[in-house]
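[1] Here is a sequence together with a model predicted from it:
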Amino acid sequence: MKKRNKRKTICLSVALIFTAYLTGCSILTTDDNVQTYAWPIATASPEDTVTQILAEKFSEEVNRLSDGKMRVEVYPNSVLGGDRELLESCKDGDIPFVVQNTAPQVSFIKEAAIFDLPCAFSDISEVRSVVDNEEFLSIMKEAYRNSGYELMGYADQGFRVMSTNKVIEDISDFKNQKIRTMENVNHMDFWKAIGASATPMTFSEVYIGLQQNTIDAQENPYEVIVSNKLHEQQKYIVETNHLAHLISLVVSEEFYEKLAEEQRDIIDEAAEVAIEYARKASDSRISEKIDIIKESGTEIIKISDELRNKMFNASRGIYDNITNIVGDKLVDLYINKN
């Protein structure tokens with residue numbers, strides 16, 4: 001009953017905002033052709049995150065590049081729904097812009113599973129170079145378009161790392177650790193492959209789960225760990241860097257195609273500027289979060305190359321599974337074989 005009521009509330013919120021922005025698209029001031037209402041851009045992330053920074057910068061750039069004639073308003077923190085609801089509403093054309101991590105998109109865009117290949121990178125600059133590659137990005141844009149979205153590109157929050165109360169020095173140290181994961185089969189399969197007990201759990205329950213020992217560990221980007229004070233419940237942060245935490249900016253294809261060419265050009269340019277801005281912000285914020293963790297007394301452990309290789313080798317089955325889904329070409333482009 002609670003889930004049903006929540007869904008009704010979300011649908012009502014979306015409907016009200018959708019009505020306003022549709023009206024704004026068609027009702028313009030007669031003097032200077034300015035939107036009466038702002039188009040919504042939605043996230044499921046808290047306000048103090050790179051996701052929010054990306055959304056706000058995009059909104060700012062759209063306003064600047066259009067000389068104030070186009071307006072975008074940010075709705076953060078699941079105000080218009082969680083990740084899945086946002087994707088559904090965006091596909092239906094109810095919400096024109098969404099900023100979110102790629103992990104929830106796997107159920108909607110099968111090619112998004114490419115970002116679940118574990119231990120593929122050790123440097124975030126390599127990840128950015130790959131996702132900006134013209135051929136790779138072209139394939140991904142087509143995949144999103146086929147699913148009802150226009151992909152603007154990817155920013156990131158660096159890598160996902162593990163927090164735990166156990167020292168991790170060898171792959172055997174992961175054995176039987178109950179680690180909270182996202183509800184993504186590829187993520188769960190990775191942790192199972194290296195010996196941990198993958199435990200999907202709603203993010204809002206993670207802090208209490210660690211506090212009450214329902215779970216032993218969790219994995220997230222540094223920014224998420226610090227902003228939610230998860231490090232306060234853990235003795236160690238282990239730099240597994242098993243996945244890049246990519247953040248996509250997507251537009252409803254239905255909405256995008258109805259825009260004038262000049263408007264599409266403004267959105268494209270605003271997205272490019274916002275993504276680069278968000279990346280720089282991410283690098284700076286990760287450094288700040290690491291300092292906060294160190295000052296708290298939680299120890300940061302950098303894993304050895306030997307352990308990383310063992311983790312990679314243990315997860316080869318996941319590479320096979322994802323390759324079967326997305327194809328050899330996309331995998332080769334992503335892990336930079338071409």
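    Sure, I can see it.
[2] can we go C-alpha only for contacts and neighbour counts from here?
    Will do.
[3] Contacts only, for residue 53.
    For residue 53, the contacting residues are 47, 278, 281, by Cα atoms under 8 Å, 6 or more residues apart in numbering.
[4] Determine the set of other helices and strands touching the longest helix seen in the chain.
    Taking DSSP state H as the criterion, the chain has its longest helix at helix 261-296. The elements that helix 261-296 packs onto, with contact taken as 3 or more Cα pairs under 8 Å, 6 or more residues apart in numbering; DSSP states H and E, are helix 50-65, strand 149-164, helix 222-227, strand 299-302.
[5] What angle do helix 50-65 and it make with each other?
    On the basis of axes from the mean of the first three to the mean of the last three Cα atoms, to 10 degrees, helix 261-296 is oriented at 150 degrees to helix 50-65.
[6] State the mean pLDDT of stretch 94-110.
    For stretch 94-110, the mean pLDDT works out to 96.
[7] Go through that stretch and flag the buried ones.
    94-106, 109 (16 or more other Cα atoms under 10 Å).
[8] Can you tell me which of the helices and strands packed on helix 261-296 has the worst average pLDDT?
    Lowest mean pLDDT within the helices and strands packed on helix 261-296: helix 222-227, at a mean of 94.
[9] and it, what does it pack onto?
    strand 149-164, helix 261-296.
[10] Past that helix, which element shows up next along the chain?
    The first helix or strand that comes after helix 222-227 along the chain, using DSSP states H and E, is strand 236-252.
[11] ok, and for that next one, which residues are buried?
    In strand 236-252, counting by 16+ other Cα under 10 Å, buried: 236-252.
[12] Next, the distance between the ends of stretch 190-198.
    Counting by Cα to Cα, to the nearest Å, you get 9 Å between the two ends of stretch 190-198.
[13] Likewise for stretch 167-176?
    14 Å.
[14] again with stretch 295-302
    Taking Cα to Cα as the measure, stretch 295-302 stretches 17 Å from start to finish.
[15] circling back: and the longest helix of the chain, average pLDDT?
    Taken as a whole, helix 261-296 carries a mean pLDDT of 98.
[16] For it, list every residue counted as buried.
    Neighbour-count burial for helix 261-296, counted by 16+ other Cα under 10 Å, picks out 263, 266-268, 270-272, 274-279, 281-282, 285-286, 289-290, 293.
[17] so where does residue 199 fall, helix or strand?
    Per DSSP H and E: residue 199 is located in strand 197-200.
[18] no, scratch that, I was asking about residue 88
    Residue 88 belongs to helix 83-91 when assigned by DSSP H and E.
[19] coming back round to it: and of the helices and strands packed on helix 222-227, who's closest to residue 335?
    Comparing the helices and strands packed on helix 222-227 against residue 335 with Cα to Cα, the closest turns out to be strand 149-164 (15.6 Å).
[20] So what touches the next helix or strand after that closest one?
    As assigned by DSSP H and E, the chain's next helix or strand after strand 149-164 is strand 178-181. For strand 178-181, the external contacting residues (Cα under 8 Å, 6+ apart) are 187-188, 191, 196-201, 206, 215-219.
[21] same thing with stretch 313-331?
    Stretch 313-331 is touched from outside by 110-111, 113-114, 117-118, 136, 139, 186, 189-190, 193-194, with contacts defined as Cα under 8 Å, 6+ apart.
[22] Among these, name the ones in helices.
    Short answer: the contacts of stretch 313-331 in helices (DSSP H) are 136, 139, 186, 189, 190, 193.
[23] Buried only: go through these for me.
    For the ones in helices among the contacts of stretch 313-331, buried by 16+ other Cα under 10 Å: 136, 186, 189, 190, 193.
[24] neighbouring contacts of stretch 206-217?
    By Cα under 8 Å, 6+ apart, stretch 206-217 touches 162-165, 177-180, 199, 218, 228-230, 233-234.
[25] again, but for stretch 81-90
    Taking Cα under 8 Å, 6+ apart as the rule, stretch 81-90 contacts 10, 14, 42-44, 80, 95-98, 100, 104-105, 149, 251-252.
[26] how about the buried residues of stretch 94-110, which pair is most distant?
    Spatial extent of the buried residues of stretch 94-110 (Cα to Cα) is set by the pair 94 and 103 at 21.6 Å.
[27] Right, I'll leave it there.
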